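Asker: Below are the sequence and a predicted model; questions follow.
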Amino acid sequence: MGAGVRSQQDLVRGKVVGSVKWVGAPLIVGDWFDLLPDEAKNIIAVLSDYLQSAELPAFLDTAQVQRMRSMSLAVYPGWLLIECQARISGDAVVLFSFLFGPNGAVLLDGRSDAVHALNELIGVSIAETGEAAEYLAFYCSAVRTGLGRFEIIATLADLAFAAGTTQGQKAEVRRQLTALKQKQADDRGFVFDATVRYGPSLYKTQFLVPPNGRVQMLEDNELDFEARLETEQFEGPFRIPAARSR
């Protein structure tokens, strides 16, 4: 990638430590694999040369990076979606994600601009149902607004419930969940029905995934249920997951 490796002192400060447990589920459901410590160190060594963020470069010099996991996305051949878990201060542990590939690294900080720019750079053209479904799940979790990301929910296990939630209340939510399903495909692209969690609420939602990846939300209807959902938090590019209830 043409980037110089930082000094050994820098690598010690931005070190990868131990094999601690992940604090939360991955950004999206997929075939993830953990990176080896040496692989993670090599990635850390070049990230600061690529990621444009007020928070991240300085953070990388002092953070204790605990784990990295990655998966490939069909729409981005030669690139990896990488999620990193790191301790930032005291007992605070966060996750942050980025795309890493031939043209550098793209920080997923909640804004759509960087994703759209990458799509234009590599000439994304989504032409298959499976590719469109995977990209939609990625896009909805990579882009967020005030209450968080638009996470596509497949099963009850994807949700965190507040303490005291009854089995009956969970069953009420389960009955209303709809798995991601293609509704139609035409010249505009692919239309999907999905259940989406946004903040503390769930929605029946319909999306259009056009060939260029500029996802459109066609409609959304809020679900009615008594259970209270716990939500993740965001600080800049960092994600702090809610604990999954059992």
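Answerer: Arrived safely, thanks for sending.
Asker: which residues touch the helix or strand Leu208 falls within?
Answerer: Assigned by DSSP states H and E, Leu208 belongs to strand 201-209. Under the criterion C-beta atoms under 8 Å, 6 or more residues apart in numbering, residues 126, 132, 135-136, 140, 150, 153, 173, 176-178, 183, 188-197, 215-223, 225, 229 lie in contact with strand 201-209. (Each C-beta comes from the backbone N, C-alpha and C, glycine too.)
Asker: before we move on, what about stretch 97-106?
Answerer: Contact with stretch 97-106 is made by 1, 27, 43, 46-47, 49-51, 70, 76, 78-84, 107-108, 114-115, 117-118, 121-122, 142, 239, as judged by C-beta under 8 Å, 6+ apart.
Asker: Can you get me the start-to-end distance on it?
Answerer: Distance between the two ends of stretch 97-106: 9 Å, counting by C-alpha to C-alpha, to the nearest Å.
Asker: one step back: please point out which parts of the strand holding Leu208 sit buried.
Answerer: Of all the residues in strand 201-209, those buried under the rule 16 or more other C-beta atoms under 10 Å are 202-209.
Asker: quick one, the very next helix or strand once past it and strand 201-209 angle?
Answerer: Counting by DSSP H and E, the next helix or strand C-terminal to strand 201-209 is strand 216-222. Counting by axes from the mean of the first three to the mean of the last three C-alpha atoms, to 10 degrees, strand 216-222 lies at 160 degrees to strand 201-209.
Asker: Remind me what the helix or strand following strand 216-222 packs against, helices and strands.
Answerer: Under the assignment DSSP H and E, the closest C-terminal helix or strand after strand 216-222 is strand 233-235. If you count contacts as 3 or more C-beta pairs under 8 Å, 6 or more residues apart in numbering; DSSP states H and E, strand 233-235 packs onto strand 238-240.
Asker: which helices and strands sit right next to the strand it packs on?
Answerer: Packing partners of strand 238-240 (3+ C-beta pairs under 8 Å, 6+ apart): strand 92-101, strand 233-235.
Asker: thinking again about what came up before, closest one of the buried residues of strand 201-209 to Pro37?
Answerer: In terms of C-beta to C-beta, no member of the buried residues of strand 201-209 lies closer to Pro37 than Val209, at 36.6 Å.
Asker: Domain parsing of this protein, as residue ranges.
Answerer: 8-108, 129-231 (automatic domain parsing).
Asker: Now the weakest link among these, please, by mean pLDDT.
Answerer: The minimum mean pLDDT among the domains of the chain belongs to domain 8-108 (a mean of 81).
Asker: Quick one: the strands in the chain, in order.
Answerer: Applying DSSP state E to the chain gives strands spanning 33-34, 64-71, 80-89, 92-101, 104-107, 144-145, 148-149, 151-153, 181-186, 189-198, 201-209, 216-222, 233-235, 238-240.
Asker: Throw those into a markdown table and include distance to Gln169, thanks.
Answerer: Output for the strands of the chain, formatted as a markdown table (distance: least, C-beta to C-beta, whole Å):
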| stretch | distance to Gln169 |
| --- | --- |
| strand 33-34 | 35 |
| strand 64-71 | 32 |
| strand 80-89 | 31 |
| strand 92-101 | 28 |
| strand 104-107 | 37 |
| strand 144-145 | 26 |
| strand 148-149 | 22 |
| strand 151-153 | 16 |
| strand 181-186 | 25 |
| strand 189-198 | 16 |
| strand 201-209 | 13 |
| strand 216-222 | 17 |
| strand 233-235 | 23 |
| strand 238-240 | 25 |
